[in-house]
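Visitor: Sequence first, predicted model second:
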Amino acid sequence: MTYNFDEIVERRGTHSYKWDYLEELFGDEKLLSMWVADMDFKSPEPVIEAIIERARHGVFGYTGREDGFYQSVMDWLCEQHGWETEKEWFVTTPGVLTAVFAAVNALTEPGDNIVLQPPVYYPFFSVIEENGRHVKRNPLKIEDGKYVMDFDNLKELVDDRTRMLILCSPHNPVSRVWEKETLHQLGRFCLENDIFVLSDEIHSDLVFAGNQHTPFLEAAPEFSNNSLVTVSPSKTFNLAGLSISSMVIPDESIRKRVVAAVNSSHHSRQNLFGIEAFEVAYKQGREWYEQMMAYVWENYRFMVDFIQERLPRLKVFPLEGTYLVWVDFRGLGKSTEEIGRICLKEAGLALDEGHIFGPEGEGFQRFNIACSRKLLKEAMERLEKAIKDQTPAPKT
Ligand SMILES: Cc1ncc(COP(=O)(O)O)c(C=O)c1O
């Protein structure tokens, strides 16, 4: 079937975190919302149908996961990334952050150090710090207009309390899809230094324009006893509110430790609609997924053309992966506060400000473009007006 991603689905009044809490979170309920990472699109039709069908049954008791559940994700990973997995490797949790929480607690001790590469998805900081571990920061560098990992700094900063590195692959918010060679170099370094790699691959299906995602566990066979990968249908098929994801852990002893942590917090059970949606999305969601990817890519092209033509002092980073576009506002010559004020107060946009991903993000804004083109166009026009009003063009 052909999906219509231009359709405006009214999300206000659905307890949507993105649309119904703007007053509380940003101080203005009328903003255009482009912050938290979910899509404004309806999920694939087979998923909607399956949930309706399940709801009609009317009995919502405790629910388990059958073979079909595992087969669906194994087939998807194989088709999508050429990655052969086994049913036993999957450890399912109500979300990726729950998985990160369990892995941090299972595989490190309070007082240990965990490496993050900011600017990066900010809840990683709190999972580490609120569990009595410390963040070691290895900021990404910009080289020739591209974010890269800083291996020299990484060598300098690790010490004998450094036990884990959380990799964001693809990297939210800078939208990088890490090359196999980079993953290989990182994995080798971590193996040599006894640092476990938790590779968060929640965005791994959202990869564009000739980029190729490599599951970390596939970068080299020897990484399998020193890493785990998180996968989820929640970004791919817009199911975040159904709270379900999985870890892939081939090494049995590591898996046992992580499972014990998951069980100790009673996170091993999931919502039955999540279980249903997970299986159906991976089995029957491809048609929707391909059309969605094409639409989001067109959104990105629209945004890049608009900015190049009408807001040339902004710089858009290449969208390699995710539907989150990272835009450099530093060319405006304004402070971080001013940039934030222009976007929020003048343009009326609810965005994720770059600095929340770490000080390396100062002067940047992250735009979620998984929305209708109409909304994106309005956002761009509002931004153009706000910037032109605030920053008269230099006299020539
Ligand atoms: C990199 C990354 N990891 C994890 C999450 C959250 O995942 P979950 O809702 O499954 O906890 C997000 C959500 O935006 C994300 O971008």
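Guide: Nice, I can see it.
Visitor: give me the number of residues near Gly241?
Guide: 16 (other Cβ atoms under 10 Å). Any C-beta I mention is one placed from the backbone N, CA and C, and that applies to glycine too.
Visitor: wait, I meant Glu290
Guide: 11.
Visitor: Need the pLDDT of it.
Guide: Glu290 carries a pLDDT score of 98 in this model.
Visitor: Give me the helices and strands touching the helix or strand hosting Lys136, please.
Guide: For Lys136, the element it lies in under DSSP states H and E is strand 134-137. Judged by 3 or more Cβ pairs under 8 Å, 6 or more residues apart in numbering; DSSP states H and E, the packing partners of strand 134-137 are strand 113-116, helix 123-129.
Visitor: I'd like the average pLDDT over it.
Guide: Mean predicted lDDT for strand 134-137 stands at 98.
Visitor: Pull out the buried positions in the helix or strand following that strand.
Guide: Next in sequence after strand 134-137, counting helices and strands by DSSP H and E, comes strand 141-143. By neighbour count with 16 or more other Cβ atoms under 10 Å, strand 141-143 contains no buried residues.
Visitor: neighbouring contacts of the strand holding Lys136?
Guide: Residues outside strand 134-137 that contact it (Cβ atoms under 8 Å, 6 or more residues apart in numbering) are 111-118, 125, 128-129, 157-158, 161-162, 358.
Visitor: And that strand, what's buried?
Guide: In strand 134-137, counting by 16+ other Cβ under 10 Å, buried: 135-136.
Visitor: Wondering if the longest strand seen in the chain reaches the ligand at all.
Guide: Ranked by residue count, the top strand of the chain under DSSP state E comes out as strand 162-168. Yes - using Cβ under 6 Å from any ligand atom, strand 162-168 reaches the ligand at Cys168.
Visitor: just stretch 209-217 next, same as before
Guide: No - judged by Cβ under 6 Å from any ligand atom, stretch 209-217 and the ligand are separated, with a smallest distance of 13.3 Å.
Visitor: now that stretch, how far from the chain's geometric center?
Guide: On the basis of Cα atoms, centre = their mean, to the nearest Å, stretch 209-217 sits 15 Å off its chain's mean C-alpha point.
Visitor: Outside of whichever strand or helix holds Val296 itself, list whatever touches it.
Guide: Following DSSP H and E, one finds Val296 within helix 286-310. Outside helix 286-310, the residues that touch it by Cβ under 8 Å, 6+ apart are 1-3, 5, 39, 41, 43-45, 205-206, 208-209, 236-237, 314, 316, 319, 323, 325, 327, 367, 369-371, 373, 376-377, 380, 384.
Visitor: Okay, and which of the residues you listed map to strands?
Guide: Going by DSSP E, the strands hold 316, 325, 327, 367 from these.
Visitor: Val135 versus the residue in the stretch 51-200 of the chain positioned nearest to the ligand, what's the distance?
Guide: The stretch 51-200 of the chain approaches the ligand most closely through Gly95 (3.1 Å), counting by Cβ to the nearest ligand atom. Computed as Cβ to Cβ, to the nearest Å, the Gly95 to Val135 distance reads 21 Å.
Visitor: Show me which residues of the stretch 101-250 of the chain are close to the ligand?
Guide: 121, 168, 172, 200, 202, 232, 234, 240, 245.
Visitor: repeat that with 8 Å
Guide: 120-121, 123-124, 168, 172, 200, 202-203, 230, 232, 234-235, 240, 243-245 (Cβ under 8 Å from any ligand atom).
Visitor: Show the end-to-end separation of stretch 263-282, please.
Guide: Stretch 263-282 has its terminal residues 25 Å apart, counting by Cα to Cα, to the nearest Å.
Visitor: hmm, that stretch touching the ligand?
Guide: No - Stretch 263-282 stays out of contact with the ligand when judged by Cβ under 8 Å from any ligand atom, the minimum separation being 10.3 Å.
Visitor: Which positions within that stretch qualify as buried?
Guide: 267, 269-270, 272-282.
Visitor: pLDDT score assigned to Lys315?
Guide: So Lys315 comes in at 97 (pLDDT).
Visitor: which residues does it form a beta bridge with?
Guide: Counting by DSSP bridges, Lys315 forms beta bridges with Asp328.
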